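K.L.:
here is my input; please provide its structure:
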Amino acid sequence: MANEFTILLLIGLPWLGALLVWFTGDSRPRFQHLLAVLFSLAAGAVALSLIPGATDQAVLTLNVGGIFGAFTFVPDGLGVFLAAVATVVGSLAVIFSVEYMKGEAQLGRYYALVLFFIGGMVGLVLSGSLLLMFFFWEITALCSFALIAFNNDDPKAVAGGLKALIITSLGGVGLLIGALVIYGYTGSYEVNDFLAGAAQLPPDVLSLVAFGFLAAAAAKSSQVPFHTWLPGAMEAPTPISALIHAATMVNAGVYLLARFYPAFEGVPGWTTAVVIVGLASACLAALMALVAQDLKRALAYSTISQLGYMVYAVGVGGVFASQFHLLSHAVFKALLFLGAGAVIHSVGTRDMRQMGGLGQKMPFVRNTFIIGALALAGLPILNGFWSKELVLEAGLSGGPGWAFALMVIGAGLTACYTFRMVWLVFFGEPRAHLHAHETGPAMKVSLGLLAFGTLTTWLLVGPFGEMLAETLPHHHLHILDLGELISEILLAPATWLALAVIAIGLAAWWWHERLAAVRDGLGFLARWAEADFGFEWINRQVVRLTRGTAEALTATQTGVLNWNVAGIVGGLVAVLMILLLAWGA
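P.N.:
Numbering: from 1, shown residues only. All right, here's what the predicted structure looks like:
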């Protein structure tokens with residue numbers, strides 16, 4: 001049963017491990033590896049032990065007082081399951097890092113940030129207070145930035161980290177504004193209080209909160225138009241890409257939408273906007289993955305696309321389907337990223353054009369990677385098949401037909417780029433002289449366990465659904481047990497339609513040479529996809545405008561104290577005037 005000590009242990013263990021690894025010093029790398037593995041495994045064990053005790057009641061309350069109110073932790077099904085994902089996948093990423101980071105400098109900084117992130121992610125999903133949730137939200141963004149820019153002598157890594165920090169922090173403003181507005185109208189930051197009384201807020205105020213949270217979710221989960229940071233985040237060490245940028249932090253936006261769906265589903269235009277964001281992200285990112293040459297960037301675009309399916313599911317009312325696909329995706333995408341990391345660690349390049357034929361030299365990595373790829377493509381009987389079909393079923397019954405049709409086409413594109421990725425890396429003739437070798441035992445442990453999870457986690461659909469339904473009283477979820485899942489998916493015509501489209505996607509890559517004329521005819525679309533459909537250009541213009549405005553404002557910084565004081569007083573008077581006018585109206 002969940003209690004105060006368990007919650008403190010779940011957050012405190014990784015943070016204590018971070019401190020110990022840091023103070024151990026880089027002169028003792030073996031001890032640092034050991035500490036990181038032990039503390040991450042301990043956190044994973046505590047998180048799994050918390051699952052049977054999931055509850056919708058606060059089990060830990062810290063009375064801060066004043067405008068901060070009380071900081072509460074509520075281990076309901078939604079939070080406990082994501083805490084388990086963060087800690088279990090985190091421990092596997094740490095085990096993988098024992099070999100991947102062997103001989104790397106600044107190992108203490110690396111493990112300290114990883115463990116600090118794991119604790120921050122756990123705090124985020126278990127927070128019952130909006131203000132506390134925002135605090136942990138920003139902790140995860142800071143850790144993400146620091147780990148993307150871990151190789152701080154690489155300008156691309158630093159630029160990628162800064163872009164991720166800026167975009168996700170800008171989105172986080174929406175969460176902060178929403179939290180403050182909710183407190184202003186209800187006098188409480190408590191999530192459950194807001195879900196129970198959201199209808200008491202004026203409609204225009206509730207709309208402001210709803211769309212502010214949508215902006216925060218889209219930025220955190222790298223959804224259109226905020227998606228450009230995730231490909232740049234691939235400069236991080238690959239275990240970080242598997243943990244933060246595939247299985248955990250990027251899921252926080254989907255978690256936010258699912259958490260507050262009961263409060264926002266009635267807001268005019270909100271569910272439509274969520275559907276459009278998810279649809280655009282799923283389809284555009286799939287096209288970008290289809291033309292990517294960098295293995296990790298292809299997986300990054302794939303992550304954006306799959307998160308789009310989850311966002312779409314929330315928009316059409318399939319909250320359970322979205323969370324079930326989140327579970328599946330966390331497992332198989334972590335497997336794919338770690339498999340890619342094993343390949344890159346072995347051959348020293350991320351360019352798929354230089355690979356080929358690696359399956360003969362790396363059979364274990366090839367086999368586990370293929371399991372993850374089959375799940376990503378949505379082929380039976382792996383976890384990605386069941387959860388993606390559940391998302392499409394929810395879209396068919398609860399969303400517009402045109403959106404469902406485009407999402408099915410997106411499933412075909414997913415199959416096509418997945419087959420392309422597997423073929424370019426592991427099959428065909430070698431296209432360069434790469435000295436590949438099989439991975440060591442630490443990497444094999446992580447890959448093997450994630451491959452096993454990819455094959456089996458869908459069997460947990462019944463207990464998973466019951467846990468969510470019993471601890472989320474405001475959501476009214478449509479859940480399924482294992483037998484109902486199998487019968488509903490296999491008997492649904494939409495399933496066979498999706499499988500037919502997936503088969504077409506697989507065939508399109510297999511016969512891509514014969515379809516050269518069609519490919520050349522669509523060359524303009526490929527060029528758009530390679531240019532990120534113009535979103536990267538928009539980013540550069542925003543940066544240029546911001547920089548130009550900042551340079552122009554430097555003229556106001558005279559360094560004369562009197563002018564600074566006059567500016568502060570003048571600004572204060574202006575604010576007071578506005579408040580008085582608003583109060584008088």
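
K.L.:
closest to the centroid, which residue in this structure?
P.N.:
By Cα atoms, centre = their mean, the mean C-alpha position of the chain lies nearest to residue 250, the distance being 1.6 Å.

K.L.:
isn't that one right up against residue 302?
P.N.:
No: Residue 250 lies out of contact with residue 302 (Cβ atoms under 8 Å); the separation is 11.7 Å. The C-beta positions use only the backbone N, C-alpha and C, and glycine is treated the same way.

K.L.:
leaving out sequence neighbours, find the closest residue to the residue nearest to the centre of the chain.
P.N.:
Nearest residue to residue 250 in three dimensions, chain neighbours excluded: residue 221, at 5.2 Å (Cβ to Cβ, 6 or more residues apart in numbering).

K.L.:
check that neighbour and give its pLDDT.
P.N.:
You'll see residue 221 listed with a pLDDT of 94.

K.L.:
what sits against the residue nearest to residue 320 when sequence neighbours are not counted?
P.N.:
Sequence neighbours aside, residue 477 is the residue nearest to residue 320 in space, at 4.6 Å (criterion: Cβ to Cβ, 6+ apart). Going by Cβ atoms under 8 Å, 6 or more residues apart in numbering, residue 477 touches 319-320, 465, 468-469.

K.L.:
so which of these sit within helices?
P.N.:
Members of the contacts of residue 477 lying in helices (criterion: DSSP state H): 319-320, 465, 468-469.

K.L.:
make TSV from these and add pLDDT and distance to residue 404 to it.
P.N.:
Shown next, in TSV, are the ones in helices among the contacts of residue 477 (pLDDT from 0 to 100; distance: Cβ to Cβ, whole Å):
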residue	pLDDT	distance to residue 404
319	96	17
320	97	18
465	95	23
468	95	24
469	94	25
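
K.L.:
where does the chain have low pLDDT?
P.N.:
Scanning the chain for pLDDT under 70 picks out the ranges 1-2, 509, 511-526, 542-543, 546-547, 550, 556-564, 578-585.

K.L.:
can you report how many residues lie near the nearest residue to residue 69 once chain neighbours are set aside?
P.N.:
Leaving aside its sequence neighbours, residue 69 sits nearest to residue 189 (Cβ to Cβ, 6+ apart; 5.2 Å). Residues near residue 189, counting by other Cβ atoms under 10 Å, number 25.

K.L.:
now do residue 487
P.N.:
By other Cβ under 10 Å, neighbour count at residue 487 equals 11.

K.L.:
quick one: what helix or strand has it in it?
P.N.:
According to DSSP states H and E, residue 487 maps onto helix 482-491.

K.L.:
which other helices and strands does that helix contact?
P.N.:
Packing partners of helix 482-491 (3 or more Cβ pairs under 8 Å, 6 or more residues apart in numbering; DSSP states H and E): helix 383-398, helix 461-471.

K.L.:
what helices and strands are in contact with the following helix or strand past that helix?
P.N.:
Counting by DSSP H and E, the next helix or strand C-terminal to helix 482-491 is helix 493-510. On a contact count with 3+ Cβ pairs under 8 Å, 6+ apart, helix 493-510 meets helix 363-377, helix 383-398, helix 401-426.

K.L.:
centre of the chain to the last one, how far?
P.N.:
In this case it means helix 401-426. The chain centroid and the centroid of helix 401-426 are separated by 20 Å under Cα atoms, centre = their mean, to the nearest Å.

K.L.:
which element follows it toward the C-terminus?
P.N.:
helix 441-456.

K.L.:
what sits against residue 7?
P.N.:
Neighbouring residues of residue 7 by Cβ under 8 Å, 6+ apart: 59-60, 73, 75, 126.

K.L.:
one more pass at 10 Å, please.
P.N.:
Listed by Cβ atoms under 10 Å, 6 or more residues apart in numbering, the contact set of residue 7 reads 46, 50, 58-60, 72-75, 83, 122-123, 126.

K.L.:
distance check, it against residue 194.
P.N.:
Distance of residue 7 to residue 194, given as Cβ to Cβ, to the nearest Å: 21 Å.

K.L.:
residue 317 reaches residue 393, doesn't it?
P.N.:
No: the pair residue 317 and residue 393 fails to qualify as a contact (Cβ atoms under 10 Å) at a distance of 11.5 Å.

K.L.:
just the buried residues of the helix or strand hosting residue 146, please?
P.N.:
Residue 146 belongs to helix 130-148 when assigned by DSSP H and E. Neighbour-count burial for helix 130-148, counted by 16 or more other Cβ atoms under 10 Å, picks out 130-134, 136-148.

K.L.:
and stretch 188-204, by the same measure?
P.N.:
By neighbour count on 16+ other Cβ under 10 Å, the buried set for stretch 188-204 is 188-195, 198, 201.

K.L.:
what's the end-to-end length of that stretch?
P.N.:
19 Å (Cα to Cα, to the nearest Å).

K.L.:
so how far is stretch 398-417 from its chain's centroid?
P.N.:
Chain-centre distance of stretch 398-417: 20 Å, with Cα atoms, centre = their mean.

K.L.:
do the same with stretch 395-405
P.N.:
What separates the centre of stretch 395-405 from the centre of its chain is 24 Å, taken as Cα atoms, centre = their mean.

K.L.:
please apply the same query to stretch 446-455.
P.N.:
The mean C-alpha position of stretch 446-455 is separated from the chain mean by 19 Å, Cα atoms, centre = their mean.

K.L.:
tell me where the protein has strands.
P.N.:
Here the chain has its strands, by DSSP state E, at 60-63, 70-73.

K.L.:
which among those is found nearest to residue 414?
P.N.:
Closest to residue 414 of these is strand 70-73 (Cβ to Cβ; 36.8 Å).

K.L.:
now the closest one - C-alpha only, PDB.
P.N.:
The C-alpha coordinates for strand 70-73 follow below in PDB (Å, rounded to 0.1, in the frame of the first residue of the first chain):
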ATOM      1  CA  ALA A  70      -0.200  22.400   0.200                       C
ATOM      2  CA  PHE A  71       2.100  20.200  -2.000                       C
ATOM      3  CA  THR A  72       0.500  16.800  -2.300                       C
ATOM      4  CA  PHE A  73       1.400  13.500  -3.900                       C
END
